[in-house]
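Visitor: Give me coordinates for this.
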Amino acid sequence: MIERGNQPRVISIAGVSGGGKTTIVKALNKKLDHSKTLFFDDYDLEGPNDIIKWVDNGANYNEWNLTPLIRDIENLFAEPLDYIILDSPFAYKHAKMKSLIDFTIYIDTPLDIAMARRMIRDFKNSSNESILIEMENYLSNGRRGFLEMLKSIKPNSDMVVDGSLPVAKIIDHIHKAISNKKQEDS
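Guide: So this is what the prediction gives:
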């Protein structure tokens, strides 16, 4: 982990949409003492307008303006925390974020499970037609975005955890890895 004196360690959790990032971040926050969370989806960040075109053009993660998120991380460095846990899709791929992150975890959830979770979460009260349109979009375009994460973010992470495991097991694996990393760095 990066040596920053008494500043909190930054742990970034990545994975595909529906992969369990938010659930894992919230559960890990309960497990770790003196920690706070930040969620990528809580920010209105400037980035590519067409995600699929962005993926097809090489997925340059630095095209995203993460200044508001970076500012919040830096502000949390002044607080008496041990950990800042990020729900963020980029792992170390964004140049300005890379120097702030100490440890990245990729939640490797099979795409069918992630899709089912997204449908349950996002389309609970939707019409059959809306669900079918989303499925068609996923098959014709959206899946490429998910595959980009598997290609670029997963191998760019310090740890990969099976996202089909129960949440408690995932948290146990992550907590053990964080504890081991903390001992190595001491």
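
Visitor: which SSE is the closest residue to Pro48 other than its chain neighbours in?
Guide: With sequence-adjacent residues excluded and distances taken as CB to CB, 6 or more residues apart in numbering, Pro48 is closest to Trp54, at 3.7 Å. From N, CA and C alone the C-beta is placed, and that goes for glycine too. Assessed by DSSP states H and E, Trp54 sits inside helix 51-56.

Visitor: What's the first helix or strand after that helix?
Guide: Counting by DSSP H and E, what follows helix 51-56 is helix 67-76.

Visitor: Show residues contacting that next one.
Guide: Contacts to helix 67-76, defined as CB atoms under 8 Å, 6 or more residues apart in numbering, come from residues 8, 10, 36, 38, 40, 43-45, 84, 86, 88, 96-97, 100.

Visitor: So among those, which ones count as buried?
Guide: 8, 10, 36, 38, 40, 84, 86, 88, 97, 100 (16 or more other CB atoms under 10 Å).

Visitor: Quick check: nearest residue in space to the fourth one, chain neighbours excluded?
Guide: Pointing back at Leu38 there. Nearest non-adjacent residue to Leu38, counting by CB to CB, 6+ apart: Leu86, 5.3 Å away.

Visitor: residues in contact with that neighbour?
Guide: Contact partners of Leu86, counting by CB under 8 Å, 6+ apart, are 10-13, 25, 37-40, 69, 73, 101.

Visitor: Great, nothing more from me.
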